[in-house]
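Colleague: Following is a predicted model, sequence given first.
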Amino acid sequence: MKYEKLGNSDLTVSKICMGCMGFGDATRGQHSWTLDEIHSYEIIKRGLELGINFFDTAIAYQGGTSEEYLGHALKKLVKREDVVIATKFLPRTDMEIEQKISGQKHIETMIDQSLKNLQMDYIDLYIYHMWDYKTPLYDILEGLNNVVKKGKARYIGISNCFAWQLAKAQSLCEKEGFATFVSVQGHYNLLFREEEREMIPYCKEEQIGLTPYSALAGGRLSKKLGEDSKRLREDTYAKFKYDATEIQDREIIKRVQELAEKKGVSMTEIALAWLFTKVTSPIVGATKPHHIEGAVNAINITLTKEEITYLEELYVPHKLVGVMAQNH
Ligand SMILES: NC(=O)c1ccc[n+]([C@@H]2O[C@H](COP(=O)([O-])OP(=O)(O)OC[C@H]3O[C@@H](n4cnc5c(N)ncnc54)[C@H](OP(=O)(O)O)[C@@H]3O)[C@@H](O)[C@H]2O)c1
């Protein structure tokens, strides 16, 4: 495994972050394809054995059970200080707004619940999951600063935002002396490269870490065209994100397959090796222990300039999808 500093924080993270959205009670959330506690444990254990120290979850994943499964497993397997845990909070609900619960109070309640789910007393990276248009930005930033000051979170990160939103938030944090964001978790992979226009150059300029999600496009970059899986069949949210551009994306998937065959490696390795040339630590999901082994193997692959161009040249701009399509 290789490790790198996350942005300008003191966190040292593995070059692969284990995505935990696929762990959790399948009856309690958005996804029907998630793994139960025993199977989640096996993947977490294998990841640790391979040197992964960076884990990404969220209070939103399967009603908090992803956080619970991760917390139980890590408690059995590793010392708390040897892992870097990222989790995310959601916007205020309409009920909270009606009850006049402030953004600051909302964040405190959310982090307390996540800490309980994880059975931990601090979170390394606390992430603003999606832009909350109904709560003043100042309240969010002060709420985040409060949890950092209290030692409940070591650093803060942000996900699903535009570069202008992050720049605005950072300058307000700097003006107020609040904790600033050390990393961005955006949707970025060979099939969806909208982050390249504004966010990636901004983060490079400001030394903000990049930990993109859906590094394998929900499995599409790991599988030959026509290959099937429970997740590909049941993950309607991801289908909604990728179906509209399926025909043009197919040609990129074919190039990933072609390069994988030429180099005698898996498609996963090619897709991640490309991401390593752009970001700090891609977040990779796994539903089987061998998935995480495949992801870790990618660390040893180096792509030539020509191979990178070959993978990139067919891309055409895509409409925003998923959470970012609702960021307005
Ligand atoms: N901030 C956000 O809004 C947000 C949104 C989405 C995700 N995330 C985070 O990002 C993480 C990853 O997202 P994701 O699950 O969409 O990403 P992904 O890494 O693009 O896809 C994971 C899927 O790829 C397949 N796969 C992985 N390794 C493989 C291998 N070696 N060989 C063959 N197939 C392999 C598996 O598909 P099959 O199961 O089909 O075999 C697995 O379920 C999540 O767990 C979560 O932590 C964050």
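Modeller: Perfect, I can see it now.
Colleague: What residues does the protein have near the ligand?
Modeller: 19-22, 56, 159-160, 185, 213-219, 222, 229, 231-232, 268, 283-287, 291, 294-295, 323 (C-beta under 6 Å from any ligand atom). Where C-beta positions appear, they are placed from N, C-alpha and C, glycine not excepted.
Colleague: And the strands in the stretch 201-328 of the chain?
Modeller: 209-210, 283-285 (DSSP state E, counting those that start in this stretch).
Colleague: So among the residues of the chain next to the ligand, which ones count as buried?
Modeller: 19-22, 56, 159-160, 185, 213-219, 222, 231-232, 268, 283-287, 291, 294-295, 323 (16 or more other C-beta atoms under 10 Å).
Colleague: which residues touch the residue in the stretch 1-150 of the chain that the ligand sits nearest to?
Modeller: The nearest approach of the stretch 1-150 of the chain to the ligand comes at Gly19, 2.3 Å away (C-beta to the nearest ligand atom). Listed by C-beta atoms under 8 Å, 6 or more residues apart in numbering, the contact set of Gly19 reads Asp56, Tyr213, Ile283, Val284, Gly285, Ala286.
Colleague: same deal with Met18?
Modeller: Met18 neighbours (C-beta under 8 Å, 6+ apart): Ile43, Ile44, Gly47, Ile52, Phe54, Phe55, Asp56, Ile283, Val284, Ala286, Ile292.
Colleague: Which ones among these lie within helices?
Modeller: Mapping the contacts of Met18 onto helices (DSSP state H) picks out Ile43, Ile44, Gly47, Ile292.
Colleague: Show the buried residues in the residues you listed.
Modeller: Using 16+ other C-beta under 10 Å as the burial test, these include Ile43, Ile44, Gly47, Ile292 as buried.
Colleague: can I get the residues you listed in JSON lines with pLDDT?
Modeller: Converted to JSON lines, those look like this (pLDDT from 0 to 100):
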{"residue": "Ile43", "pLDDT": "98"}
{"residue": "Ile44", "pLDDT": "98"}
{"residue": "Gly47", "pLDDT": "98"}
{"residue": "Ile292", "pLDDT": "96"}
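Colleague: Now Leu221, what are its backbone angles?
Modeller: Leu221 has phi and psi values of phi -90, psi 0 when expressed as degrees, to the nearest 10.
Colleague: So what's the residue count around it?
Modeller: Leu221 has 24 neighbouring residues, counting by other C-beta atoms under 10 Å.
Colleague: Going by distance to the ligand, which of the contacts of Gly19 wins?
Modeller: The closest of these, once distances to the ligand are taken by C-beta to the nearest ligand atom, is Gly285, at 2.4 Å.
Colleague: Does the closest one touch Leu216 like I think?
Modeller: Yes: assessed by C-beta atoms under 8 Å, Gly285 is found in contact with Leu216 at 7.4 Å.
Colleague: ok so, going back, biggest separation within the contacts of Gly19, which pair?
Modeller: Greatest spatial distance in those: Tyr213 and Ala286, 13.5 Å, computed using C-beta to C-beta.
Colleague: rewinding a little: in JSON lines: the strands of the stretch 201-328 of the chain, plus mean pLDDT.
Modeller: Below are the strands of the stretch 201-328 of the chain laid out as JSON lines (pLDDT from 0 to 100):
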{"stretch": "strand 209-210", "mean pLDDT": "98"}
{"stretch": "strand 283-285", "mean pLDDT": "97"}
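Colleague: quick one, which of the ones you listed is nearest to Asn8?
Modeller: Closest approach to Asn8 among these (C-beta to C-beta): strand 209-210, 8.3 Å.
Colleague: Next, count neighbours for the closest residue to Met199 other than its chain neighbours.
Modeller: The shortest distance from Met199 to any non-neighbouring residue, by C-beta to C-beta, 6 or more residues apart in numbering, is to Ala163 (4.6 Å). Per other C-beta under 10 Å, the neighbour tally for Ala163 reads 18.
Colleague: Likewise for His187?
Modeller: There are 23 residues near His187, going by other C-beta under 10 Å.
Colleague: for the one 10 residues further on, same thing?
Modeller: Taking other C-beta under 10 Å as the criterion, the count of residues near Arg197 is 12.
Colleague: Same check on Arg28?
Modeller: Residues near Arg28, counting by other C-beta under 10 Å, number 14.
Colleague: Also Asn8?
Modeller: The local packing of Asn8 (other C-beta under 10 Å) involves 13 other residues.
Colleague: returning to that earlier point: from the buried ones among the ones in helices among the contacts of Met18, which two are the most distant?
Modeller: Ile44 and Ile292 (9.0 Å).
Colleague: Any idea which residue is closest to the centre of the protein?
Modeller: Tyr213 (3.7 Å; C-alpha atoms, centre = their mean).
Colleague: Tell me the bridge partners for it.
Modeller: Beta-bridge partners recorded for Tyr213 (DSSP bridges): His187.
Colleague: Would you check that it makes contact with Val184?
Modeller: No: applying C-beta under 8 Å as the test, Tyr213 and Val184 come out as separate, 10.3 Å apart.
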